[in-house]
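Undergrad: Dropping a prediction and its sequence here:
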Amino acid sequence: MHPIHPMVVHFPIALLLASLLFDLVSLRWRGAEFRATSLSLLALGVLATVVALLTGHLAEDAAEHSGKIPKQAIETHEELAFAAFWVFAGLLGLKTLSYGGWMREQSLLVLFLGVGGSVLLLVASYYGGELVYRYGAGVLAR
């Protein structure tokens, strides 16, 4: 199977972290452009995360069949990735409601969810790297 998961995971990481960066910038400079950019990056990041989760599921099947990767290591990576996805999906919902004028903007809640989701995302990424560099997931035997 082609290793598509490692090819796509970088997009949600970059997009979601950039969204947080624009949220932080919008706290300092209250321009609507920063909030709109953050929302756009967040929406793209959540969509890219769906692709990463789907391709990760396919990669999980291949990794489990290899027999050299502990199931717990795979599950830890997967659970952290799903947790990060749900935090960012909730944040997208909150920001969409706020941006659309259906509720008042909750800057501190947005920041808290963005930082929390980013921490989950980075820890999930670390464990994904462990799967490759420690256990050899997706690495062809020579």
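TA: That came through fine. Numbers count the residues shown, from 1 in each chain.
Undergrad: Scan this protein for its longest helix.
TA: Ranked by residue count and defined by DSSP state H, the top helix of the chain is helix 32-66.
Undergrad: Which positions in that helix come out as buried?
TA: Residues of helix 32-66 classed as buried: 34-35, 37-39, 41-46, 48-49, 52-53, 55-56, 59-60, 63 (neighbour count, 16 or more other CB atoms under 10 Å). Using the backbone N, CA and C atoms, a C-beta is placed for each residue, glycine as well.
Undergrad: Quick one: list the elements packing against the helix or strand following it.
TA: For helix 32-66, the following helix or strand on the C-terminal side (DSSP states H and E) is helix 71-99. The elements that helix 71-99 packs onto, with contact taken as 3 or more CB pairs under 8 Å, 6 or more residues apart in numbering; DSSP states H and E, are helix 32-66, helix 107-133.
Undergrad: Residue 9: which of those is closest?
TA: Relative to residue 9, the nearest member of the helices and strands packed on helix 71-99 by CB to CB is helix 32-66, separated by 4.8 Å.
Undergrad: Who are the packing partners of the closest one?
TA: helix 4-8, helix 10-28, helix 71-99.
Undergrad: rank the ones you listed by pLDDT, which is bottom?
TA: Of all the helices and strands packed on helix 32-66, mean pLDDT reaches its minimum on helix 4-8 (a mean of 91).
Undergrad: quick one on the thing from earlier: possible to save the helices and strands packed on helix 71-99 as CSV with distance to residue 24 and mean pLDDT?
TA: What follows is the helices and strands packed on helix 71-99, written out as CSV (distance: least, CB to CB, whole Å; pLDDT from 0 to 100):
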stretch, distance to residue 24, mean pLDDT
helix 32-66, 9, 91
helix 107-133, 7, 94
